[in-house]
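Q: Build me a model from this:
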Amino acid sequence: MTKPRNPWFVLVLLAMAQFIVVLDTSIVNVALPALQKALHFSPTSLQWVVTAYTLAVGGFLLLGGRAADLYGRRKMFLIGLGLFTLASLVDGLSQSSGMLIAARAVQGLAGAFMSPAALSIVLVTFKEGAERNKALAIWGAVASGGAAAGVLLGGILTEYLNWRWNFFVNVPVGLIIMALAYKTLPKHESEARDNSLDLPGALSITASLMLLVYGLTQAPENGWSALSTLSYFVASVLLFAFFIWNEKRVKHPLVDLSIFKIRNVTGANLLQMMIAASMFSVFFFTSLYIQILLGYSPVKTGLSFLVIPVVIGAAATNAPKLIAKFGYKRVLTIAPLFVAASLVVLAQLPLQGSYVTHLLPAFILMGVGMGLTFVSATIAATSGVPPTQTGLASGVFNTSQQIGGALGLAILSGIATSAITSKVPEVTAGHLSLQAATLHGYHVAFYAAVGFAVLASVIAASVLRHTKGADPAPAASAAMH
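A: Residues are numbered from 1 along each chain as shown. Reported below is the predicted structural model:
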């Protein structure tokens with residue numbers, strides 16, 4: 001692949017594409033009450049507006065990464081972006097809950113092909129070391145800020161237009177990026193010699209993840225020890241076992257498991273999964289708290305989150321300097337603790353909370369932790385990976401984030417629901433208000449999320465090898481032995 005004449009313009013273009021993929025994990029959060037009323041969602045099916053998207057993205061990212069290596073990064077990026085734009089249009093035109101959920105799943109599938117191709121192009125455009133670290137800092141700041149910006153944009157669109165514009169907004173943006181990418185991105189045919197896709201592997205891992213998350217979302221209603229719940233979990237484990245067995249025996253696997261011999265790749269992906277599991281809870285539960293308990297409007301709710309992407313940008317911009325000085329092991333050991341501290345603050349939220357006193361400190365801590373973690377983890381997860389596996393490495397890393405978020409939200413929603421249910425007798429007896437019971441559920445979920453963030457720090461301290469950010473390749477190579 002020839003280097004583009006203006007690699008930094010290419011970087012911004014690709015980062016904006018990744019931005020809308022990440023944006024769509026959170027842009028609907030503020031619009032959920034309006035969506036429920038317009039399309040007659042049941043309380044249990046409403047969460048699938050978020051989950052159908054994140055599951056499809058996470059479930060098919062590995063296939064998307066492999067396809068980028070086999071059939072060309074530019075080609076797969078443009079195909080994914082085109083399908084994403086079309087699916088966004090269908091989302092906005094949806095006339096029923098089933099139609100919207102199905103279109104969201106297709107949108108997620110498109111994002112799964114678009115995202116790893118974009119990151120893979122970034123990795124081959126910039127040389128490993130200081131130049132790539134700077135590029136990944138910009139990528140991390142723009143992409144990771146998408147989740148926070150989604151809440152703000154979703155609030156503005158929902159209040160001043162309507163919920164459909166949460167999806168329509170992707171159409172002109174997608175078309176502009178597609179036109180510029182078609183003219184700007186150098187052609188690239190393939191990086192791998194074979195041309196076969198491991199469909200059994202792709203289907204088994206996707207089905208395994210979907211069954212696991214579905215089981216987790218149904219468990220509070222059906223019971224954690226119910227036969228149906230246990231059946232979903234057992235089926236998920238069996239499919240995952242088949243996936244591992246298939247990858248070891250098939251000639252051209254979806255995932256070359258040898259990539260996990262690079263210790264920092266393994267550690268960074270595990271860490272990213274944990275931090276995403278804790279992060280998604282902030283946007284989901286805090287959005288509900290701000291709207292339902294504090295009574296904020298959609299726009300005011302969105303504006304309240306604005307500080308997070310601003311702080312993320314500042315932290316991500318300075319991350320390469322810290323990595324160059326201390327190495328990403330130390331940065332990734334400390335950064336998740338900022339996220340944990342943020343969640344501890346949120347777990348103290350009162351019924352009549354103040355934004356400045358109770359929410360703002362938590363949001364600042366969260367932004368610092370997210371900005372430093374995402375940039376450092378991206379560098380750790382992609383360093384020392386051979387060119388034939390850059391699509392795979394980026395696909396695995398993005399999978400870790402999306403699946404971590406989907407699993408984390410499912411687990412924490414289940415924990416919150418169970419905690420609220422445990423307070424129903426007190427509500428019925430008149431000893432506790434429904435709002436207080438709901439807030440109790442949020443508190444328990446936030447404390448559980450603290451555990452995910454702390455675990456991310458432990459993984460960084462115990463699994464990652466210490467390297468300075470300026471030239472991580474030698475350490476990544478050494479970690480294979």
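Q: any idea which element residue 335 lies in?
A: helix 328-346 (DSSP states H and E).
Q: That helix - what's its average pLDDT?
A: Taken as a whole, helix 328-346 has a mean pLDDT of 92.
Q: wait, what's in contact with residue 405?
A: Contacts here follow C-beta atoms under 8 Å, 6 or more residues apart in numbering; on that basis residue 405 touches 25, 54, 58, 276, 277, 279, 280. For every residue, glycine as well, the C-beta is placed using N, CA and C.
Q: follow-up on the earlier one: next one: the helix holding residue 335 to chain centre, how far?
A: 17 Å (C-alpha atoms, centre = their mean, to the nearest Å).
Q: which other helices and strands contact it?
A: With contacts taken as 3 or more C-beta pairs under 8 Å, 6 or more residues apart in numbering; DSSP states H and E, helix 328-346 sits against helix 263-288, helix 307-326, helix 360-382, helix 434-463.
Q: Of those helices, give the one that comes closest to residue 211.
A: helix 263-288 (17.9 Å; C-beta to C-beta).
Q: Next up, the contacts around the residue nearest to residue 168 when sequence neighbours are not counted.
A: Spatially, and ignoring its direct neighbours in sequence, residue 168 is nearest to residue 92 (4.3 Å; C-beta to C-beta, 6 or more residues apart in numbering). Counting by C-beta under 8 Å, 6+ apart, residue 92 touches 164, 165, 166, 167, 168, 171.
Q: give me that answer again for 6 Å
A: 164, 167, 168 (C-beta atoms under 6 Å, 6 or more residues apart in numbering).
Q: residue nearest the centroid of this structure?
A: residue 402 (3.7 Å; C-alpha atoms, centre = their mean).
Q: which residues touch that residue?
A: Residue 402 touches 54, 57, 58, counting by C-beta under 6 Å, 6+ apart.
Q: Leaving out chain neighbours, which residue sits closest to residue 155?
A: The spatially closest residue to residue 155, leaving aside those adjacent along the chain, is residue 302, at 2.5 Å (C-beta to C-beta, 6+ apart).
Q: do you know how far residue 417 is from residue 379?
A: 37 Å (C-beta to C-beta, to the nearest Å).
Q: These two: who's more crowded?
A: Neighbour totals were compared for residue 417 and residue 379, and residue 379 leads with 26 against 16 (other C-beta atoms under 10 Å).
Q: list the contacts for the more buried one?
A: 133, 136, 328.
Q: Hmm, residue 7 is touching residue 125, no?
A: Yes: counting by C-beta atoms under 6 Å, residue 125 is a contact partner of residue 7 at 5.0 Å.
Q: Of these two, which one has the most company?
A: Set residue 7 next to residue 125 and count neighbours by other C-beta under 10 Å: residue 125 wins out with 21 against 14.
Q: Next, count neighbours for the nearest residue to residue 93 once chain neighbours are set aside.
A: Closest residue in space to residue 93, ignoring its immediate chain neighbours: residue 164 at 7.5 Å, by C-beta to C-beta, 6+ apart. Residue 164 has 19 neighbours, counted by other C-beta under 10 Å.
Q: Thanks again, I'm all set now.
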